[in-house]
Structures are given as structure tokens and as C-alpha cells.
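[1] below: sequence and its predicted model.
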There are 2 protein chains.
Amino acid sequence: MATRKHSRGGADAAISKPARKPRRSSRRPAGPARARLILGLGEEEIHQRMYDAVLDHRLLPGTKLKEVALAKLFGVNRSVIRKVLTRLAFNKLVVLRPNRGAMVASPSVAESRDLYAARRSIEGAIVEAVTRRITPGQIKALRALTASENAAYRQGEMRKGLKLSLKFHQMLAEIAGNVVLAELLDQLIARTPLVVLAYKGRGDDMTCSIDDHAEIIDAIAGGSAAKAAAAMTAHLERLEGQLDLSDEAEPATDLAALFYEIED
Amino acid sequence: MATRKHSRGGADAAISKPARKPRRSSRRPAGPARARLILGLGEEEIHQRMYDAVLDHRLLPGTKLKEVALAKLFGVNRSVIRKVLTRLAFNKLVVLRPNRGAMVASPSVAESRDLYAARRSIEGAIVEAVTRRITPGQIKALRALTASENAAYRQGEMRKGLKLSLKFHQMLAEIAGNVVLAELLDQLIARTPLVVLAYKGRGDDMTCSIDDHAEIIDAIAGGSAAKAAAAMTAHLERLEGQLDLSDEAEPATDLAALFYEIED
DNA sequence: ATAAAGACGATTGCTGACAATAGGTTTTCA
DNA sequence: TGAAAACCTATTGTCAGCAATCGTCTTTAT
């Protein structure tokens, strides 16, 4: 009955999963120019946005994700949102309950412990492989990455530092050369911020991990796979040790603001 | 949790075909009483059928999976098939190419090696945890499972033996008590038969794994986590050693026959 | 006043139809 | 006759609407 005004926006059918140009929509709907709805995005971009929203701690556990609201926000059909939510549910970032909708996952304490234990196993194996395969150039790249991370933390850019920290672990997986292990690690890394957010004070920083990263690199450069793996294991154990189930994080209710694009 | 049947007549509505003129007269009008279409199945059941079809080596790598054909076969809407294909794609059992459809995945040699390496890491960690936590009753259950597997192989029931072999690994993950590691192992186990099928002769049996399983149990019962992990690692290395990239498996073209139910 | 039962609104799930795309086939021109 | 361009069919991707379901609010009876 009600004719949707954005029905013409569905013309971009070129957007699909892999390797497609972003094609940022060039049409600017007249508006208050403070914040704007994000239109013309494809499934992959929407998935990336919500994925990043979780990694950046902008989407809190327990937040309800209504399909129509998200569809209007991103200017796409509900089916696209539904597909994105399905993908996020595969990655355990959201929980889908039949006929009850989707919400950001709230991992339990046991699941959090298991997650870190799994990361110790996988990243330990990754670091062992890295120690055997790494080249001097890659060591240099790792050191540069850690330096950037350190700088970001010193400048107070916690989000950037956190992203660089994740990138450190992902780069190790890449150097290890095992695509399967890299995929698994990606899944675990995606779930980690949710755990951190659920069981740790938001204001608490993770700067202690910086020294750990440098220590891991040193152990790798030292050539001892066992020591390198132990350094990584100790690092992850320290991260897990920071967790505490003190207060529950309150769900974010202002869903729209999370995905608006702020203008100058 | 009762399996929720389609209380709403989705199947009946899906059968009503929109009267397109069938240029191809090769359509089978009704069941010739030899095989029958599978109707009234839900998403979960369809997923399980296709999953089993891969595990039972009935779906060969490269087989194209057309949505409408599958939808008609299972008597459901295409969206259900699409969801199932999405789930299978997440498990890396099928590959989805944009606008080009889905096909059973054909893992590469490197990916196969990485897969077994990942399994060694994860299952090694699982076995270590198992050795620390296992109870006598669980040891007995493991021995019984291995005995069943052995019996199945001796009776020539290769499919049953293979499934029991997979269950052995999954039971170990369950005993380990780490749900995250168990999930990851499920993913890897789901991908393994595809690798085996791609790089190993179909007629070749996997009976050698039986002794390995018993050996693993003995090592676990012995109480040494290191030895148990070593036994599991050796087991997986032996499995990987059976692989050979000799002949390519030809894709199965008779898609329909794979899902028909044979009648007496 | 409390609790059970029913009605209402909001949201999800599903369906058939439409549009876009890719690959193969035919046609056309040199 | 060969290559390039245009058509054509088969298949996938998207859409808007409708039906079913869940949570909540209201009503009613004890």
C-alpha cells in the first residue's frame, strides 16, 4: 500500500559478495546535513559496517537488530539485511532466535574462556609456523605495525590501536601461510571484542598488549618456535586475565546513530 | 525441542507451478514408483540431507547446484534452498560465485594440506584437554564407539564406518569441554571428506584409522597429554599421507538422483 | 486485587513475481 | 570461412506484499 520513496534505490544489483567496486553512491538527498542515511550500499558493505561496528564497540551485546529499521537505514530491501544478519549469525556476532529477531550476541563466561583457550591453541600453532617461515622483511613489517599500534595508543586513539592490534594477529596468520588457520582465527578475532566488551569496563585500556606484541616479535626473531608460542600464549592469557564479570554492559538503544554518517 | 513442522502449507503452495510452457519435455510427470521426490522438508532437514550427501561422497566436487532444481526436488521455495546453500558455503562445502550459482567446492592441494595442519593443531589441543579431564566412563564410551566403527568397516559398511569415525573425533571435542574448539572442529570435519574425495581414490578405504583411534584412546588413558596429542597428530598425518592428487573426480551430473528416495 | 484469557500491534518468515546478469548461440560482415 | 557483434535462454538476485507468530496490553472472572 504505502509506496516507499526509496524504492528506486534498488537499482544497483551489481553488488554482491566478492571483489566489487565500492561505488559510493553519489546522489545526495537533501537533508539537515548533520547526519545522513547511508544509501546505495551492497550486502558486502553493510556486512562490513556492522562487523566494524562490533569491533569498534559501537554495537553492544544485547542490542536488538530490527530488520525494517536496518533496511531503511541502509536504503536496501529487508532481504539484504536478512542475509547480512545470517552471515553475522554464522560468525556468532549476533544471535538469531526464530520469530524473535536478531540481537547482538552476549557471550557467556564459559564461552569467553573457551574462546581464549581456542585462540591460544590456534595462535600458538600460527606462531610456531611463523617462526619457521618468517623473513627479515616480514619481521620489519611486524615491528612497524606494532610501532603504529603503540603510537595510536599513546595518542589516545583507542579504536585505531585496537584495530592495529587485531591486524597484528591477522598478519601473523598470514605469514604462517595456512589459509584455514587464518580463517579460523578471523572468526575468533571477530568474537573477541564482544567478549571483552561484555566482561570488561569500557574505559579500561588494552595498552598492556603493546609490550606483549613486541615481546612476541622478539621471540619469533629469536628463532625458537617453543618460546615464541609461549610468548603468544602468555599474551593471550594476560588478555583473558583482564576480563572480569563485574557490571553488565547496557544495550545501546539508539540504533540509528550507530550507522549515520557524520558530516562536517 | 520438537522439530517444527511446516504448520503452514509452504510445500503445497510451492508445488503449484506458474504454468510456464515446458520446452524441455524431459520432465518427469510423477513418481514412476521407483523413486519419489522428497516433499515437505524443512530447511534443517534439507541442509542435513545435502550435508550427508557430501559426507557420503554422493555429491562430487564441481557439481553445480541449481536453485530451482533443488527447490523443486525438495518441494520448497527457492529462498529455502538459497539459505541452505548459504549455510553450506559458510562451511566451505559449496562455493558461491555472484550471478553464477553454487557448486560443490573443489579444494586445492594447498588448502587440503592447510586443512590437515589446522586439524592437527586443534585436535592436538582437544586431546590434551581430554587427557586432563576424561573420566573412566568416557573412556569406555570411546572404546565402544571405536569398536562399532571397527565392526562397520569389517562388515563393509564404509559409510557407516566413516560416520562413526567422524563421531569419534567429535566425541573427543565434546569431552574436551570447549564449545568453541568443538565448533571449529565441526567446520574442519565437514570440509575433510571433500578433500579426501578430491585427492584420493573413491574405492580406497580408510580402515587404517581404526588402529589409530584405539591407539589414541590408549594414550589418553595413559594420562600423558603429550603422548596423546602426539598420537592424534600422527593419526592425522597418516590420514593426510593417504592423499594423492592422481585423478580428478568427475562431477556428478545427475543431480536429481542423489536426492531421490528409493522405494521398495 | 490478582491472575488467567483474549485482543492488538509490531515484527519476522515466506512467497510469487520481476529485473539483471552470464554464457552460449546465432547472425552478420569482412 | 573466420571473427566479432547481437540475440537468446537459463539462472541468479532483488523486491514488495501477505500470512503467521510473539510480546504486550486490555479485559474479565474469581
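    It's in.
[2] what parts of the stretch 51-200 of chain A come near DNA strand C?
    Within the stretch 51-200 of chain A, the positions lying close to DNA strand C (C-beta under 7 Å from any atom of the strand) are A:65-68, A:78-79, A:82, A:96, A:98-102. For glycine as for every other residue, the C-beta is placed from the backbone atoms N, C-alpha and C.
[3] report the buried members of these.
    Buried members of these, counted by 16 or more other C-beta atoms under 10 Å in any protein chain shown: A:65, A:67, A:82, A:96, A:102.
[4] tell me which of the residues of the stretch 51-200 of chain A next to DNA strand C fall in helices.
    Among these, the members found in helices (DSSP state H) are A:67-68, A:78-79, A:82.
[5] and these as TSV, adding distance to A:R132?
    As requested, these are exported to TSV (distance: C-beta to C-beta, whole Å):
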residue	distance to A:R132
A:E67	47
A:V68	52
A:R78	49
A:S79	46
A:R82	44
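[6] returning to what we had before: state the pair within the residues of the stretch 51-200 of chain A next to DNA strand C that is farthest apart.
    A:S79 and A:R100 (18.7 Å; C-beta to C-beta).
[7] mind putting the residues of the stretch 51-200 of chain A next to DNA strand C in JSON lines, pLDDT included?
    As requested, these are exported to JSON lines (pLDDT from 0 to 100):
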{"residue": "A:L65", "pLDDT": "93"}
{"residue": "A:K66", "pLDDT": "94"}
{"residue": "A:E67", "pLDDT": "95"}
{"residue": "A:V68", "pLDDT": "93"}
{"residue": "A:R78", "pLDDT": "94"}
{"residue": "A:S79", "pLDDT": "93"}
{"residue": "A:R82", "pLDDT": "95"}
{"residue": "A:L96", "pLDDT": "95"}
{"residue": "A:P98", "pLDDT": "93"}
{"residue": "A:N99", "pLDDT": "93"}
{"residue": "A:R100", "pLDDT": "93"}
{"residue": "A:G101", "pLDDT": "93"}
{"residue": "A:A102", "pLDDT": "94"}
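[8] near chain B, from those?
    The residues of those that also fall near chain B, by C-beta under 8 Å from any C-beta of the partner chain, are A:P98.
[9] out of the residues of the stretch 51-200 of chain A next to DNA strand C, which comes closest to A:R120?
    A:L96 (28.8 Å).
[10] who's in contact with the residue lying closest to that closest one once chain neighbours are set aside?
    Spatially, and ignoring its direct neighbours in sequence, A:L96 is nearest to A:A89 (4.6 Å; C-beta to C-beta, 6 or more residues apart in numbering or on different chains). A:A89 makes contact with A:95-96, A:102, according to C-beta atoms under 8 Å, 6 or more residues apart in numbering or on different chains.
[11] what do you get for A:A214?
    A:A214 is in contact with A:143, A:146, counting by C-beta under 8 Å, 6+ apart.
[12] does it lie in a helix or a strand, and which?
    Using DSSP states H and E, A:A214 sits in helix A:208-222.
[13] can you list the buried residues in that helix?
    Buried residues in helix A:208-222, counting neighbours by 16+ other C-beta under 10 Å, are found at A:209-210, A:212-217, A:219-220.
[14] reformat the residues of the stretch 51-200 of chain A next to DNA strand C as a markdown table; add distance to DNA strand D.
    Below are these laid out as a markdown table (distance: C-beta to the nearest atom of the strand, whole Å):
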| residue | distance to DNA strand D |
| --- | --- |
| A:L65 | 15 |
| A:K66 | 13 |
| A:E67 | 10 |
| A:V68 | 10 |
| A:R78 | 6 |
| A:S79 | 5 |
| A:R82 | 9 |
| A:L96 | 13 |
| A:P98 | 7 |
| A:N99 | 4 |
| A:R100 | 5 |
| A:G101 | 9 |
| A:A102 | 13 |
